[in-house]
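A.B. asks: Sequence first, then the predicted structure, then my questions.
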Amino acid sequence: MSGKVYLVGAGPGDHKLITLKGLECIKKADVILYDRLINPKLLKYSKENVETIYVGKEPNAHSYNQEEISQIILQKALKGNIVTRLKGGDPFVFGRGGEEALLLMENSVEFEIVPGITSAISVPAYAGIPVTHRNVSSSFHVITGHEDPQKQHSSLNYKALGALKGTLIFLMGIKNIVSISDNLIKYGQSPKRPVAVIRRGTTADQKILTGTLENIAEKVKEHGLKNPAIIIVGEVVKLSELLPWFDKKPLFGKRVLVTRTRTQASKLSEKIEELGGETIEFPTIEIVENHDHDDIDRAIGQIEKYKWLIFTSVNGVNYFFERMKKLSFDIRLLKNAKLCAIGPATAKELNDRGFVVDCIPKEYVAEGIVEELKDKIEEGDYVLLPRADIARKSLEEGLKKLGANVDNIDIYRTTIPKYERKELIEILKERKIDIITFTSSSTAKNFYTILGENNKELLDNITLASIGPITSKTANDLGMKINIEAKEFTIDGLVEAIL
Ligand code: SAH
């Protein structure tokens, strides 16, 4: 039985500009073939054992030609795989999707086309340029600029293009911009007609150059603007001055490395992306259950004796209640215990489970909890502290000084994920990271371990941001100088400080 092929448009760059259907195809694929312009973030949604094949063209690397690519798709499908072929923009707009589909058809392999958001429309949109506009432009035309108009038998009809009043959008045209603009003028377009060239639209590398048909080629040369870029000719270009939005976002153009666990990263990433930043997730910490349950089970067995349950992390809350459930202990047994959460995120996790939290310290650190409970804990009170194996001892010690009987339980462990030093170094070198975020001491410590002492100079031009003083101290002690520190020790506080 042969498998199935999805020819999927992955959008112009911003990874969120993919369709729901396209994303589903990534999630269910056994094999993914992808081009150079595909945002690598999209591949993170794939199955764990997926086979990914890079078929983009790159200098110094073997690149596949179209026949080879079509053959790989066919052969993988004939072996019974679900094959997702990811293409930039839309698969049928200068994407050679038609050729791939024809070969599949000939070989009776089932396929579907999943249209995508083409760069022809979305890249202008991110630059504040509507391709049509009432009373300004009533049509738009998408043209390949790949073909040199000087060549003898150009299939482009410049006579017709020269007469068009609508918006002209050239893809793949940057190399030929001199002859494109010359020819448009030669065949009747006004030399003063506005033109925009947009490179890597919808990404942190987006750059917009504007000019007119008579001077745009010169400007492109001056700025050394390279592919991928589109050329837009028409009066609508003027609207880019009135409607800038994407490159006006406060973190536009900034690349931020997020080092939290895979599951927790998204919250921080989303906030940064909302503000226009681009994020790269590289988890330096992984959370795993402590499989030795003796201590926690004993504590839960006598849960009613505790006057206070103190949670120092969202993970602690999750693992504690999961264990309660496993042991079939009803949460009503907690009715006499007071609840303390180290900060708002932990408190919210408790709220979401139906609890009203009794206390949150003013400063979201261990010392803050001790300060807050000073007058609340009585001599001999039992206190349960379900937390990570690496938690700082100061909380337990502080509570003991207040006279409490503290049961301090490793309910989960933090480890360093399987890592590739090479991958991190490549990200730091190639992806031009502006900011690295550390949301805990362990993210900083593990980052340092992964990077390797000898590669510290890679951080020289990067801004390091920390969630609070404890994390900052860990990083600084390792010689990674923190430049930004949150005032409020939360994710929101960190984002605020970065802003
Ligand atoms: N199928 C794609 C186009 C493939 S041809 C689509 O529908 O968008 C490749 C050309 O698309 C590039 O040479 C460039 O002209 C344009 N392009 C793709 N992504 C772009 C981006 N993010 N910014 C500017 N131009 C882009």
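C.D. replies: Sure, I can see it. All values reported here derive from a predicted model rather than from experimental measurement.

A.B. asks: near the ligand, which residues of the stretch 201-350 of the chain?
C.D. replies: The stretch 201-350 of the chain comes close to the ligand at residues G201, T202, N227, P228, A229, I230, as judged by Cβ under 6 Å from any ligand atom. Yep, even glycine has a C-beta here, placed from its N, CA and C like the rest.

A.B. asks: The same query, at a cut-off of 5 Å, please.
C.D. replies: Taking Cβ under 5 Å from any ligand atom, the part of the stretch 201-350 of the chain that reaches the ligand is made up of G201, P228, I230.

A.B. asks: so what's the first one up against?
C.D. replies: Okay, so that is G201. Counting by Cβ atoms under 8 Å, 6 or more residues apart in numbering, G201 touches P12, G13, S119, S122, V123, P124, Y126, A127, I230.

A.B. asks: same thing but 10 Å
C.D. replies: By Cβ atoms under 10 Å, 6 or more residues apart in numbering, the contact set of G201 is 12-14, 119, 122-127, 129, 207-208, 228-230, 246-247.

A.B. asks: what's the answer for the second one, then?
C.D. replies: Contacts were defined as Cβ under 10 Å, 6+ apart; by that measure P228 touches 12-13, 36-37, 88-89, 119, 123, 171-172, 174, 198-201, 203, 205.

A.B. asks: Buried among those residues? Make that a PyMOL selection.
C.D. replies: In PyMOL, this line selects whichever of the contacts of P228 come out buried by 16 or more other Cβ atoms under 10 Å:
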select buried, resi 12+13+37+88+89+119+123+171+172+174+198+199+200+201+203
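
A.B. asks: Strands of the stretch 51-200 of the chain, start to end?
C.D. replies: For the stretch 51-200 of the chain, applying DSSP state E, counting those that start in this stretch gives strands covering 51-54, 82-87, 110-114, 140-144, 167-171, 194-199.

A.B. asks: Deepest-packed of the ones you listed, please.
C.D. replies: Counting by mean count of other Cβ atoms under 10 Å, strand 82-87 has the highest mean neighbour count of these, with a mean of 27.

A.B. asks: isn't S240 right next to G234, touching?
C.D. replies: No. Between S240 and G234 there is no contact under Cβ atoms under 10 Å: 11.3 Å.

A.B. asks: so what's in contact with these two at the same time?
C.D. replies: In contact with both S240 and G234: P124, I129, P194, A196, using Cβ under 10 Å, 6+ apart.

A.B. asks: For the residue in the chain positioned nearest to the ligand, report the pLDDT, please.
C.D. replies: Per Cβ to the nearest ligand atom, the residue of the chain with the smallest distance to the ligand is G89, at 1.9 Å. Note on G89: pLDDT of 97.

A.B. asks: Count the neighbours of I73 for me.
C.D. replies: Residues within reach of I73, counting by other Cβ atoms under 10 Å, total 26.

A.B. asks: Domain parsing of the chain, as residue ranges.
C.D. replies: Domain segmentation of the chain under automatic domain parsing yields 4-117, 121-243, 255-285+417-498, 311-324+335-413.

A.B. asks: Can you give me the end-to-end span of the first one?
C.D. replies: Meaning domain 4-117. Its start and end residues considered, domain 4-117 measures 23 Å (Cα to Cα, to the nearest Å).

A.B. asks: ok so, going back, in helices, which of the contacts of P228 fall?
C.D. replies: Among those, the ones falling in helices (DSSP state H) are S119, V123.

A.B. asks: In terms of helix, strand or coil, where does V383 fall?
C.D. replies: Here V383 is recorded as strand under DSSP: H, G, I helix; E, B strand; the rest coil.

A.B. asks: Is it correct that it is in contact with I377?
C.D. replies: Yes. Using Cβ under 10 Å, V383 makes contact with I377 at a distance of 7.0 Å.

A.B. asks: Give the residues shared as contacts by the two.
C.D. replies: With Cβ under 10 Å, 6+ apart as the test, V383 and I377 both reach K307, W308, K338, C340, L399, L402, A404, V406.

A.B. asks: most neighbours, which of these?
C.D. replies: Comparing the shared contacts of V383 and I377 by number of neighbours (other Cβ under 10 Å), C340 comes first, having 25 neighbours.

A.B. asks: State the phi and psi torsions of that residue.
C.D. replies: phi -120, psi 130 (degrees, to the nearest 10).

A.B. asks: which residues touch it?
C.D. replies: Here C340 is in contact with 308-312, 346-347, 350, 357-361, 369, 372-373, 376-377, 383, 385 (Cβ under 10 Å, 6+ apart).

A.B. asks: Make TSV from the shared contacts of V383 and I377 and add pLDDT to it.
C.D. replies: Below are the shared contacts of V383 and I377 laid out as TSV (pLDDT from 0 to 100):
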residue	pLDDT
K307	94
W308	94
K338	94
C340	94
L399	89
L402	90
A404	91
V406	92
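
A.B. asks: just these now: which is nearest L275?
C.D. replies: Of all the shared contacts of V383 and I377, L275 sits closest to C340, with 32.0 Å by Cβ to Cβ.

A.B. asks: Which secondary structure elements does the strand or helix carrying E322 sit against?
C.D. replies: Assigned by DSSP states H and E, E322 belongs to helix 314-326. Contacts defined by 3 or more Cβ pairs under 10 Å, 6 or more residues apart in numbering; DSSP states H and E place helix 314-326 against helix 262-274, strand 286-289, helix 294-301, strand 306-311, strand 338-341, helix 344-352, strand 382-388, strand 405-415.

A.B. asks: 8 Å instead?
C.D. replies: helix 294-301, strand 306-311, helix 344-352, strand 382-388, strand 405-415 (3 or more Cβ pairs under 8 Å, 6 or more residues apart in numbering; DSSP states H and E).

A.B. asks: and these as a markdown table, adding distance to N81?
C.D. replies: What follows is those, written out as a markdown table (distance: least, Cβ to Cβ, whole Å):
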| stretch | distance to N81 |
| --- | --- |
| helix 294-301 | 43 |
| strand 306-311 | 45 |
| helix 344-352 | 40 |
| strand 382-388 | 41 |
| strand 405-415 | 33 |
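
A.B. asks: Can you check which of the ones you listed gets nearest to N107?
C.D. replies: strand 405-415 (46.7 Å).

A.B. asks: between that closest one and strand 306-311, how many degrees?
C.D. replies: 20 degrees (axes from the mean of the first three to the mean of the last three Cα atoms, to 10 degrees).

A.B. asks: which helices and strands does strand 405-415 pack with?
C.D. replies: Against strand 405-415 (3+ Cβ pairs under 8 Å, 6+ apart) you get strand 286-289, helix 294-301, helix 314-326, strand 382-388, helix 394-401.

A.B. asks: most neighbours per residue, which of these?
C.D. replies: By mean neighbour count, with neighbours taken as mean count of other Cβ under 10 Å, strand 382-388 ranks first of these at a mean of 23.

A.B. asks: so that strand versus strand 306-311, what angle?
C.D. replies: Using the same axes, to 10 degrees: strand 382-388 against strand 306-311 is 20 degrees.

A.B. asks: Give the other helices and strands that strand 382-388 contacts.
C.D. replies: helix 294-301, strand 306-311, helix 314-326, helix 394-401, strand 405-415.

A.B. asks: burial measure for the residue lying closest to I390 once chain neighbours are set aside, as a count.
C.D. replies: Nearest residue to I390 in three dimensions, chain neighbours excluded: T414, at 5.5 Å (Cβ to Cβ, 6 or more residues apart in numbering). Applying other Cβ under 10 Å, we find 21 residues neighbouring T414.
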